[in-house]
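Visitor: need a structure here:
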Amino acid sequence: QVQLVESGGGSVQAGGSLRLSCVASGYPDCSYDMSWYRQAPGKEREFVSTIDIDGSTTYADSVKGRFTISQNNAKNTVYLQMNSLKPEDMAMYYCKADALCGGSWSFGYWGQGTQVTVSS
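Guide: All right, here's what the predicted structure looks like:
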């Protein structure tokens, strides 16, 4: 079982920055495709960004140029640097991982979420 623990959420004013972190643990010798999703009250969960094992990244149009996803050298921690935050970025942010362990993939591990609040 893969566990994901997010941190770094908080409250900022519009235009401010936050850096989210997500640490994956569980099985030894795993690599991960890791993603961030967010869900605002009354809305569906939406994709924010992903970074693959090979380091390729993808962003939702709404965050391009403002958010940057990265990972540590061990590829078990993903970061989301969020700059120029807007009130519409306010949501619960969730980390998701797909794990490659011993040559086999397992999909769809989720963290508990970290709250991002942006005031105007």
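Visitor: got a list of what the residue most central in space within the chain touches?
Guide: Closest residue to the average C-alpha location of the chain: W36 at 2.8 Å, with CA atoms, centre = their mean. By CB atoms under 8 Å, 6 or more residues apart in numbering, the contact set of W36 is L20, C22, V48, S49, T50, I69, V78, L80, Y93, Y94, C95, K96. Placement of C-beta: from N, CA and C, glycine included.
Visitor: just checking, which of these belong to strands?
Guide: In strands, defined here by DSSP state E, the members of the contacts of W36 are L20, C22, V48, S49, T50, I69, V78, L80, Y93, Y94, C95, K96.
Visitor: Leaving aside the residues adjacent along the chain, what's closest to the third one?
Guide: In space, not counting the residues next to it along the chain, V48 is nearest to W36; the distance is 4.2 Å by CB to CB, 6 or more residues apart in numbering.
Visitor: what do you get for the fourth one?
Guide: What sits nearest to S49 in space, not counting adjacent residues and going by CB to CB, 6+ apart, is I69, at 4.3 Å.
Visitor: again, but for the second one
Guide: By the measure of CB to CB, 6+ apart, the closest residue to C22 outside its immediate chain neighbours is C95, 3.4 Å from it.
Visitor: my read: the one you found touches G9, true?
Guide: No. The criterion here is CB atoms under 8 Å, and C95 misses it with G9 at 11.2 Å.
Visitor: Of those two, give the one with the bigger neighbour count.
Guide: Set C95 next to G9 and count neighbours by other CB atoms under 10 Å: C95 wins out with 27 against 19.
Visitor: Residues contacting stretch 99-108, please?
Guide: When contacts are defined by CB under 8 Å, 6+ apart, stretch 99-108 is touched by residues 2, 24, 26-27, 29-33, 53, 96, 98, 109.
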